[in-house]
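1. turn this into a model:
(one chain, ligands or ions: 1)
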Amino acid sequence: MFRRGPHAAEVSPPEDLRFTDPAVPERSCCCPARPVVKVVMPPTADRPHPVDLWLCGHHYRASFAALVAAGARVEDLDTAAAAVRADHAAVPA
Ligand SMILES: [Zn+2]
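-> The predicted model follows:
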């Protein structure tokens, strides 16, 4: 009834680290979506160690101001090159 096309088996796996790196979880901490950023929350007086948060794009954008205010470090997972680059959220002037 339904036949696969002749090139169906030739689809290569995605190069995106979100899909290939076993260190990247399939779900965000905030919702079932795949994470697009890894946020490292710095230690506080109540929490003596840093905490990793895996956020989807929607919740990252929604909480960006709070993350900046908290001095969070953000690692973009969108591309392989971005995984090497670690952006630091800018502290407002
Ligand atoms: Zn989310």
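2. can you list the residues of the protein near the ion?
-> By the rule C-beta under 5 Å from the ion, the part of the chain lying against the ion is Ser28, Cys30, Cys31, Cys56, His59. (Glycine included, C-beta is placed from N, CA and C.)
3. quick one, strands of the chain?
-> 37-41, 51-55, 73-76, 87-88 (DSSP state E).
4. the second one pairs with which strands?
-> By that I understand strand 51-55. Take DSSP bridges as the rule and strand 51-55 pairs in its sheet with strand 37-41 (antiparallel).
5. give me the contacts around the partner strand.
-> With contacts defined as C-beta atoms under 8 Å, 6 or more residues apart in numbering, strand 37-41 is touched by 24, 47, 50-55, 57, 60, 67, 70, 72-77.
6. who does Val40 bridge with?
-> Under the criterion used (DSSP bridges), Val40 bridges to Asp52, Arg73.
7. that older thread, now the contacts of strand 37-41: which count as buried?
-> In terms of neighbour count (16 or more other C-beta atoms under 10 Å), the buried residues within the contacts of strand 37-41 are Val24, Leu53, Trp54, Leu55, Tyr60, Leu67, Ala72, Arg73, Val74, Glu75, Asp76, Leu77.
8. in contact with the second one: list those residues for me.
-> If a contact means C-beta under 8 Å, 6+ apart, then Leu53 has Cys29, Cys30, Lys38, Val39, Val40, Met41, Ala72 as its contacts.
9. if you set the cut-off to 6 Å instead, what comes out?
-> Residues in contact with Leu53 (C-beta atoms under 6 Å, 6 or more residues apart in numbering) are Cys29, Val39.
10. again with Cys30
-> So Cys30 contacts Leu55, His59 (C-beta under 6 Å, 6+ apart).
11. shaky segments in the chain?
-> 1-20, 79-93 (pLDDT under 70).
12. helices of that one, residue ranges please.
-> 17-20, 57-62, 64-70, 80-84 (DSSP state H).
13. so how many other residues sit close to Cys31?
-> Around Cys31 sit 12 other residues, with neighbours defined as other C-beta atoms under 10 Å.
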